[in-house]
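Student: sequence and predicted structure below; questions after.
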Amino acid sequence: MKQPDLWTRRLVLQRAMQLSAMGVATPLAINLAAVGEAAAFDATDYKALVCVFMYGGNDYANTVVPYDATNYAKYHQIRAGAAGEDQSGIALARAALAPTALTPANGQVLTDNLQYALNPALGGLKSLWDQGHLAVQLNVGPLVQPTTLAQYNSTNKVANPLPPKLFSHNDQQSIWQSNGSEGSTIGWGGKLGDIALSSNVTNSLLTCISASGNAVFVAGRNALQYQISPAGAIKINGLTNQYLHDALNALITKASPHVLENEYSTVTRRSIELEGIVNGALANVNPTTPFAANPLAAQLKVVARLIGARAALGLKRQVFFVSLGGFDNHNALMADHPALMARVNDAMSAFYAATVELGVASKVTTFTASDFGRTLASNADGSDHGWGSHHFVMGGAVNGRRYYGTAPQVSLQTDDQVGQGRLLPTTGVDQFAATLATWFGCSAGELPGILPNIGRYPTANLGFV
């Protein structure tokens, strides 16, 4: 009752049916307290969302690169500071981009007739683009509402609100994952898990899973994030020793007058129980698709195995989080960024191949995210903190080989950037998330409870999936 944003039409109808089944003999307050807060998908099929987070702020301009001659020349002049193909500064050589040049399926014309190529290390993602299983979302980032450069520069922040603490790593990571709340402990992936819990009757605690440690993205109000390692369920240290096992078992099964102690015991019992369930199910799922030996690939491999175990675990909807660090490339961008791109390419390409092998390619949608984009202008031999960025959406259900959103001009002085080539987002994370949420099964009436600012935008569905 104290959180009206949770009361969607579907939830109200569900509560009404639950209360009518309870009868009137018991006081209403007790009946309300007895109603569980797991809402509403009641899914009969399987779907999974997978967030690939690039910690540090990925350099957008060397990921999706201007390729046509006119715009490449602008890019090279800004990034290299001189004409020619000498790869000076932080500009990629145009010749190296030819194998990853992108041709959209629908012949769309972008701003200033822009044509793009992917970073040369993203050859696997280029192949998925050509097959129609990869889309590029242009210039997306955190916003409170659609914002122009004049509104950004306005001193009236009541009428023209901005995300808090722009260009800050920790804050923008939190805002990207929670969609607008600085320091939030609940993410929009976790909120999707909240309304999907009722579809996962058997093991609802496996609705929201992080293979990358604690992540606000998969933390919900009711959906707890379950953390897993690339090797499987994380064991509790000491349980292999029988004496320690017996001592721990005595502690966690003993009733205590302290509510927090009881809750901790409940969590520990649940962890021990799920360890056996998860590892038992994973033992029967070993895709033959080869995965590279890198941290992101290892995380995505265990996600693929968990998806392969969905039937054994009784799951219909899942939200996953994986990540890779190292993208804060103030220095040595040309030395470090290609290796990071190669890791992303190898991991995501193998993951898509594994979903094909498992027969769920159209049931799994994977997307990238990052703290922020970076400046188009050079910062010594790297780039500085930015705002908007380009991101990938991958999967069998994706309307691929297309660009979505508005392509930014290749410039340091146009009204689609806020200085040094920091992109002013033309698509909000709310819209990006709402499109994914709708595919996942969220109704239009439930979107405001997940994405409170979505009503400020002209559209809630970008159409990429």
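Tutor: Perfect, I can see it now.
Student: from here on, just use CA atoms for contacts and neighbour counts.
Tutor: Will do.
Student: how about Leu324, what does it touch?
Tutor: Contacts for Leu324 (C-alpha atoms under 8 Å, 6 or more residues apart in numbering) come out as 52-55, 295-296.
Student: that one and Arg305: what is the separation?
Tutor: Using C-alpha to C-alpha, to the nearest Å, Leu324 is found at 19 Å from Arg305.
Student: ok, back up a step: which one (most neighbours) among the contacts of Leu324?
Tutor: Leu296 (26 neighbours; other C-alpha atoms under 10 Å).
Student: buried sites along the helix or strand containing that residue?
Tutor: Using DSSP states H and E, the element containing Leu296 is helix 295-308. Buried residues in helix 295-308, counted by 16 or more other C-alpha atoms under 10 Å: 295-308.
Student: what helices and strands are in contact with it?
Tutor: Here helix 295-308 touches helix 259-282, strand 317-324, helix 333-357, going by 3 or more C-alpha pairs under 8 Å, 6 or more residues apart in numbering; DSSP states H and E.
Student: could you dump those into a markdown table and include mean pLDDT and distance to Ser199?
Tutor: Below are those laid out as a markdown table (pLDDT from 0 to 100; distance: least, C-alpha to C-alpha, whole Å):
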| stretch | mean pLDDT | distance to Ser199 |
| --- | --- | --- |
| helix 259-282 | 77 | 18 |
| strand 317-324 | 98 | 7 |
| helix 333-357 | 98 | 21 |
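Student: how far off centre is the helix holding Leu296?
Tutor: 15 Å (C-alpha atoms, centre = their mean, to the nearest Å).
Student: what does it rub up against?
Tutor: By C-alpha under 8 Å, 6+ apart, the surrounding residues in contact with helix 295-308 are 211-212, 229-232, 281-282, 285-287, 291-292, 320, 322-324, 343-344, 346-348, 350-351, 354-355, 358.
Student: what angle do it and strand 317-324 make?
Tutor: Helix 295-308 and strand 317-324 meet at an angle of 170 degrees, taking axes from the mean of the first three to the mean of the last three C-alpha atoms, to 10 degrees as the criterion.
Student: re earlier: redo the helices and strands packed on helix 295-308 as TSV? Include distance to Ala223.
Tutor: As requested, those are exported to TSV (distance: least, C-alpha to C-alpha, whole Å):
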stretch	distance to Ala223
helix 259-282	13
strand 317-324	10
helix 333-357	25
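Student: between the ones you listed, which gets nearest to Ala117?
Tutor: Ala117 lies closest to helix 333-357 among those, at 13.5 Å (C-alpha to C-alpha).
Student: as a whole number, average confidence for the next helix or strand after that closest one?
Tutor: The helix or strand immediately downstream of helix 333-357 is strand 364-370, counting by DSSP H and E. Over the span of strand 364-370, the pLDDT mean works out to 98.
Student: repeat for stretch 42-58
Tutor: Across stretch 42-58, pLDDT averages out at 94.
Student: so what touches it?
Tutor: 169, 173, 196, 198-199, 315-329, 363-374, 385-386, 389, 436, 440.
Student: recalculate using a threshold of 6 Å.
Tutor: Residues outside stretch 42-58 that contact it (C-alpha atoms under 6 Å, 6 or more residues apart in numbering): 199, 316-325, 327-328, 363-373.
Student: what subset of the residues you listed is buried?
Tutor: For the contacts of stretch 42-58, buried by 16+ other C-alpha under 10 Å: 199, 316-324, 327-328, 363-373.
Student: rewinding a little: going through the contacts of helix 295-308, which ones are buried?
Tutor: 211-212, 229-230, 232, 281-282, 285-287, 291, 320, 322-324, 343-344, 346-348, 350-351, 354-355, 358.
Student: point to the residue nearest the middle of this protein.
Tutor: Cys51 (2.9 Å; C-alpha atoms, centre = their mean).
Student: look up phi and psi at it.
Tutor: phi -100, psi 120 (degrees, to the nearest 10).
Student: just checking, what packs against whichever strand or helix holds Gly193?
Tutor: Per DSSP H and E: Gly193 is located in helix 188-196. Under the contact definition 3 or more C-alpha pairs under 6 Å, 6 or more residues apart in numbering; DSSP states H and E, helix 188-196 sits against no other helix or strand.
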